[in-house]
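[1] sharing a model that was predicted from the sequence below.
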Amino acid sequence: MRRLRNVKIVATLGPASSDYATIRALFEAGADVFRLNMSHGSQADQRARRDIIRQIEADTGRPIAILADLQGPKLRVGVFANGAVDLEEGNPFRFDLDPAEGDGHRVSLPHPEIFAALTPGARLLVNDGKIRLRVNACGPDFADCTVTTGGTISNRKGVNVPDVVLPVAALSEKDRSDLEFACEMGVDWLALSFVQRPEDVTEARDLARGRAAILSKIEKPSAVAAFTEILAVSDGIMVARGDLGVELPVHSVPPIQKRLVRACRTVAKPVIVATQMLESMIESPMPTRAEVSDVATAIYEGADAVMLSAESAAGRYPVEAVATMNAVAISVESDPTYREVIEASRKADRRTVADAIVAAAREIAETTDIKAICCYTQSGKTVALVARERPRVPIVALSPVPATLGVLCLTWGVHTVRCDKVERFKMAVVNAARAARDFGFADETGKIVVIAGVPFNVQGTTNILRVAPCDERLIFSADPE
């Protein structure tokens, strides 16, 4: 199965998409990566979904990536005697550690780490920012506030603290259990929620022990401030605009999104744009025009992937949502302006032999009649560098390492193919020619660019580029040894 677009689609699975038929339909409609949201459902539920994905992978012969999204620390208020109270603008309200039921004057906030970090003037946002309070005075067990935006506050609503870096670990005990569970069942990516500092990422990496790639979700102002350091220790990034839009002024999110996408492209690390992309399709079979424009903007920016959350997990039209996103992607990438924008924003710091080879491969492919750039890879690093160039021709990644192919399913423009280990460059060329023919990138009269490294099966040895025919007889006659 060959996609007719370069950007990848991530679809979240949930109650609306848990059986074989639906997940298979999502894949056929265009989903390249399936997200397991560890905030919802049991580990048994997630294992069942994982088993179905791997069965579809076997049935179709196509690598499919699985992304396990860890819940992260959840900060919530306690409960109220009457279930909820109305807070009016200008009125005082207290948060404290007292576990007693709340009323119109106070409620428990069972997180001493919040009180330890608060300072007068800091903001507390409740229920996705619908209710806003400003701290007047605080201590180790209380915060006296003034309501700046009123509303109804009810039991266990979430709390955001945008103005301080909280002394909380990015991984709760539940996250640690879910991380080990996800690695044990063989996911390709781990997404970390509420990352604040690079140390949060290195902690998860130590626990994963190389069993999955690490993707950092940027949804806190502190993560935006420390983004360069977080990106350096991450394998990929998710621009998680939900909480980001709660904790920062909503008008600041689009320029942050653009800046983060470009930074990821520069260092050849995949970036997902996520949250509310086709939100109306939870209930409607058609998206709004603003939503379509939002998806298109992310694609024009050169994002590696766009993501569906509740639309595919709990919505009434999960398959239609994926099909819509697929159609938008094909339409955008067919627009001549798309290539102009992508190429104008191409920026790379080329310092290595591999950098030079992939840049040369793109130049050759775009100035001659080349049908595809084929990379024989162990770790996937060379493929990521090729994708950074955003070439006009398809990228075919060949690897004998299933985990590498799974990770690459998230990378822009990459068509993954599992192949046997080879010991000679000629056989890598033969495998590449077969893959180009088998998946419809070229016929026997076409030519491809092949990139590999010698010695084979060793990471980081990219040092060969060859223009080769897709006819195996010509490959062998040109290089009989």
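    Great, that's in hand.
[2] name the residues linked to the closest residue to residue 98 other than its chain neighbours by a beta bridge.
    The spatially closest residue to residue 98, leaving aside those adjacent along the chain, is residue 108, at 5.8 Å (Cβ to Cβ, 6 or more residues apart in numbering). For glycine as for every other residue, the C-beta is placed from the backbone atoms N, C-alpha and C. Residue 108 has these beta-bridge partners by DSSP bridges: residue 96.
[3] against residue 116, how distant is residue 108?
    16 Å (Cβ to Cβ, to the nearest Å).
[4] and for residue 137?
    Residue 137 is 15 Å from residue 116, by Cβ to Cβ.
[5] ok, those two, which is more surrounded?
    residue 116 (15 against 11; other Cβ atoms under 10 Å).
[6] domain ranges for the protein?
    8-72+169-344, 84-160, 353-478 (automatic domain parsing).
[7] among these, which is nearest residue 78?
    Of all the domains of the chain, it is domain 84-160 that lies closest to residue 78, at 3.2 Å by Cβ to Cβ.
[8] and the next helix or strand past the longest helix seen in the chain?
    Using DSSP state H, we find that the single longest helix of the chain is helix 43-60. Moving toward the C-terminus from helix 43-60, the next helix or strand (DSSP states H and E) is strand 65-69.
[9] can I get the CA coordinates of the host helix or strand of residue 474 in PDB?
    Using DSSP H and E, the element containing residue 474 is helix 472-478. What follows is helix 472-478, C-alpha atoms only, in PDB (Å, rounded to 0.1, in the frame of the first residue of the first chain):
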ATOM      1  CA  GLU A 472      18.300  -6.000 -12.100                       C
ATOM      2  CA  ARG A 473      19.900  -7.300 -15.300                       C
ATOM      3  CA  LEU A 474      21.500  -3.900 -15.800                       C
ATOM      4  CA  ILE A 475      22.600  -3.800 -12.200                       C
ATOM      5  CA  PHE A 476      24.500  -7.100 -12.500                       C
ATOM      6  CA  SER A 477      25.900  -6.400 -16.000                       C
ATOM      7  CA  ALA A 478      27.300  -3.100 -14.800                       C
END
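[10] residues touching the closest residue to residue 129 other than its chain neighbours, list them.
    In space, and not counting its chain neighbours, residue 129 is closest to residue 246: 4.0 Å by Cβ to Cβ, 6+ apart. Residues counted as contacts of residue 246 (Cβ atoms under 8 Å, 6 or more residues apart in numbering) are 125, 128-129, 160, 162.
[11] which stretches of the stretch 151-300 of the chain aren't confidently modelled?
    For the stretch 151-300 of the chain, not a single residue meets the criterion pLDDT under 70.
[12] picking that back up, now distance to residue 1 too, for the domains of the chain, in TSV please.
    Shown next, in TSV, are the domains of the chain (distance: least, Cβ to Cβ, whole Å):
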stretch	distance to residue 1
domain 8-72+169-344	5
domain 84-160	38
domain 353-478	8
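[13] please identify which of those is closest to residue 2.
    The nearest among the domains of the chain, by Cβ to Cβ, is domain 353-478 at 5.2 Å.
[14] chain center to that closest one: distance?
    How far domain 353-478 lies from its chain's middle: 24 Å, per Cα atoms, centre = their mean, to the nearest Å.
[15] do me a favour and average the pLDDT over it.
    Average pLDDT, domain 353-478: 92.
[16] cool, and stretch 7-20?
    Averaged over stretch 7-20, pLDDT sits at 98.
[17] please export the C-alpha coordinates of it as PDB.
    The C-alpha coordinates for stretch 7-20 follow below in PDB (Å, rounded to 0.1, in the frame of the first residue of the first chain):
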ATOM      1  CA  VAL A   7       2.800  14.000   5.700                       C
ATOM      2  CA  LYS A   8       1.900  11.200   8.100                       C
ATOM      3  CA  ILE A   9      -1.400  10.700   9.900                       C
ATOM      4  CA  VAL A  10      -1.600   9.700  13.600                       C
ATOM      5  CA  ALA A  11      -4.900   8.300  14.700                       C
ATOM      6  CA  THR A  12      -5.800   7.700  18.400                       C
ATOM      7  CA  LEU A  13      -7.600   4.500  19.200                       C
ATOM      8  CA  GLY A  14     -10.400   4.300  21.800                       C
ATOM      9  CA  PRO A  15     -13.900   3.100  22.400                       C
ATOM     10  CA  ALA A  16     -15.000   4.000  18.800                       C
ATOM     11  CA  SER A  17     -12.000   2.200  17.200                       C
ATOM     12  CA  SER A  18     -11.100  -0.900  19.100                       C
ATOM     13  CA  ASP A  19     -12.100  -3.800  16.800                       C
ATOM     14  CA  TYR A  20     -10.200  -5.200  13.900                       C
END
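[18] show me how far it is from its chain's centre.
    Distance, centroid of stretch 7-20 to centroid of chain: 14 Å (Cα atoms, centre = their mean).
[19] ok, and for it, which residues are buried?
    Of the residues in stretch 7-20, 7-14, 16-18 count as buried by neighbour count, 16 or more other Cβ atoms under 10 Å.
[20] out of those, which sit inside strands?
    Those of the buried residues of stretch 7-20 mapping onto strands are 8-13, per DSSP state E.
[21] which one of these is nearest residue 308?
    Among these, and counting by Cβ to Cβ, the member closest to residue 308 is residue 11, at 5.1 Å.
[22] residues contacting that closest one?
    Counting by Cβ under 8 Å, 6+ apart, the residues that residue 11 touches are 17, 26, 31, 33-35, 307-308, 312, 318, 321-322.
[23] which residues does it bridge with?
    For residue 11, the beta-bridge partners under DSSP bridges are residue 34, residue 308.
[24] separation between the residue lying closest to residue 24 once chain neighbours are set aside and residue 4?
    The shortest distance from residue 24 to any non-neighbouring residue, by Cβ to Cβ, 6+ apart, is to residue 56 (5.3 Å). For residue 56, the distance to residue 4 equals 20 Å [Cβ to Cβ].
[25] okay, the two: which has more neighbours?
    residue 56 (18 against 10).
[26] pLDDT wise, what is that one at?
    98.
[27] surely it touches residue 25?
    No: in this structure, residue 56 is not within contact of residue 25 by Cβ atoms under 8 Å, at 10.1 Å.
[28] sorry, back to before: wait, the residue nearest to residue 98 sits on residue 77?
    Yes: using Cβ under 8 Å, residue 108 is in contact with residue 77, at 6.7 Å.
[29] what do these two both touch?
    Between them, residue 108 and residue 77 share the contacting residues 95, 102, judged by Cβ under 8 Å, 6+ apart.
[30] more neighbours, those two?
    residue 77 (22 against 18).
[31] nearest spatial neighbour of that one, chain-adjacent residues omitted?
    residue 107 (5.1 Å).
[32] need the phi and psi values for the residue nearest the centre of the chain.
    Nearest residue to the geometric centre of the chain (Cα atoms, centre = their mean): residue 272, 3.8 Å. Main-chain torsions, residue 272, degrees, to the nearest 10: phi -100, psi 140.
[33] that one and residue 454, how far apart?
    Taken as Cβ to Cβ, the span from residue 272 to residue 454 is 34 Å.
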